[in-house]
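K.L.:
Compute the structure for the input listed below.
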Amino acid sequence: VAETLEDVIACWSVAYQVFLRYHLIEPNPFGWHTAPEAIDAESVFVLGRQREQAVSTAAGIIGGPGGLPLDAVYHDELALMRREGRRLIEIGLVAGVGGAGAGILGTLRMAALFGVSCGCTDFVCGMHPRRAALYGRLFGMRPAGRERRYPASRERPDLSMRGNFAESRRTARACRFSQENSLPQAALAGRFRFNANLPAHAKVEQFLHYVRAQAHEPRRGAADQRDAAMG
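P.N.:
Numbers count the residues shown, from 1 in each chain. Just a heads-up that it's a prediction; the model follows:
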């Protein structure tokens, strides 16, 4: 679990490398990537390492005033879940470099356990439709809406998937593993919190300003994004 600003920056760096490689984002002068909701809401960043090298990351985001990243395209579906009394956590910013497949599962597990510790009842993820069957087997997830285009990922196909913690623990392989190998609460208690832990750091402050600005204008071209970042 990311406990320091340096840990969080390592998460942003891994996400940037992977999202840029698959053309999901435009390049930016910082070399970092995150979602505005992850810095303005209750959240946890998780980092996987191999030989001290950052190789995988995931984030658990509990909706604040700005909601969840998936609200941008699945607002009605998520609103219905909330009206049903469900407390949601979005597992997002999932990325792994090199042969970090197993590490990604570990970061997903820890991000989900953050939701359990905060009393969330359901977890949601946005993903390419071709991954839906895998997430269904591993985590007991099912579609939460129709396939759509996701502006934040350059209009790539996106499918919202949902799972219930109580049901998934009984039926899904990865969730049974998490139940049998629970994470100590102390591991989550020391997580980095932007409102409480953010020290003075000029580049990070510029980056956070850039991220929040992009949330209001997600379709701008790369040149405009660079100008906004440096201005």
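K.L.:
what bits of this protein have low per-residue confidence?
P.N.:
99-102, 150-155, 169-185, 217-231 (pLDDT under 70).
K.L.:
What are the boundaries of the helices in the chain?
P.N.:
Taking DSSP state H, the helices of the chain run over residues 5-21, 36-40, 71-83, 101-117, 132-139, 165-171, 173-180, 185-189, 194-197, 202-216, 222-230.
K.L.:
For those, please prepare a markdown table with the additional fields distance to Arg149 and mean neighbour count.
P.N.:
The way it works is simple: take the backbone N, C-alpha and C, and place the C-beta from them, glycine included. Shown next, in a markdown table, are the helices of the chain (distance: least, C-beta to C-beta, whole Å; neighbours: other C-beta atoms under 10 Å):
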| stretch | distance to Arg149 | mean neighbour count |
| --- | --- | --- |
| helix 5-21 | 16 | 20 |
| helix 36-40 | 19 | 22 |
| helix 71-83 | 8 | 16 |
| helix 101-117 | 24 | 20 |
| helix 132-139 | 16 | 16 |
| helix 165-171 | 28 | 15 |
| helix 173-180 | 28 | 16 |
| helix 185-189 | 34 | 12 |
| helix 194-197 | 30 | 11 |
| helix 202-216 | 17 | 15 |
| helix 222-230 | 19 | 14 |
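K.L.:
Output those in JSON lines; the columns should cover distance to Val124.
P.N.:
Listed next are the helices of the chain as JSON lines, based on distance: least, C-beta to C-beta, whole Å:
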{"stretch": "helix 5-21", "distance to Val124": "18"}
{"stretch": "helix 36-40", "distance to Val124": "12"}
{"stretch": "helix 71-83", "distance to Val124": "7"}
{"stretch": "helix 101-117", "distance to Val124": "10"}
{"stretch": "helix 132-139", "distance to Val124": "11"}
{"stretch": "helix 165-171", "distance to Val124": "12"}
{"stretch": "helix 173-180", "distance to Val124": "15"}
{"stretch": "helix 185-189", "distance to Val124": "20"}
{"stretch": "helix 194-197", "distance to Val124": "22"}
{"stretch": "helix 202-216", "distance to Val124": "19"}
{"stretch": "helix 222-230", "distance to Val124": "27"}
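K.L.:
To Ala54, which of those helices lies closest?
P.N.:
Closest to Ala54 of the helices of the chain, according to C-beta to C-beta: helix 5-21, at 4.1 Å.
K.L.:
Can you tell me which helices and strands that closest one packs against?
P.N.:
Here helix 5-21 touches strand 42-50, strand 53-62, strand 88-96, helix 202-216, going by 3 or more C-beta pairs under 8 Å, 6 or more residues apart in numbering; DSSP states H and E.
K.L.:
and the direction of the third one versus that of helix 5-21, what angle?
P.N.:
Computed with axes from the mean of the first three to the mean of the last three C-alpha atoms, to 10 degrees, the direction of strand 88-96 lies at 70 degrees from that of helix 5-21.
K.L.:
What is strand 88-96 packed up against?
P.N.:
Using 3+ C-beta pairs under 8 Å, 6+ apart, the elements in contact with strand 88-96 are helix 5-21, helix 36-40, strand 53-62, helix 71-83, helix 101-117, strand 122-127.
K.L.:
Neighbouring strands - and their directions - for that strand?
P.N.:
Next to strand 88-96 in the sheet, as set by DSSP bridges, lie strand 53-62 (antiparallel), strand 122-127 (parallel).
K.L.:
Same list (the ones you listed) but as TSV, adding distance to Ser13 and mean neighbour count.
P.N.:
Shown next, in TSV, are the strands paired with strand 88-96 (distance: least, C-beta to C-beta, whole Å; neighbours: other C-beta under 10 Å):
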stretch	distance to Ser13	mean neighbour count
strand 53-62	7	25
strand 122-127	21	24
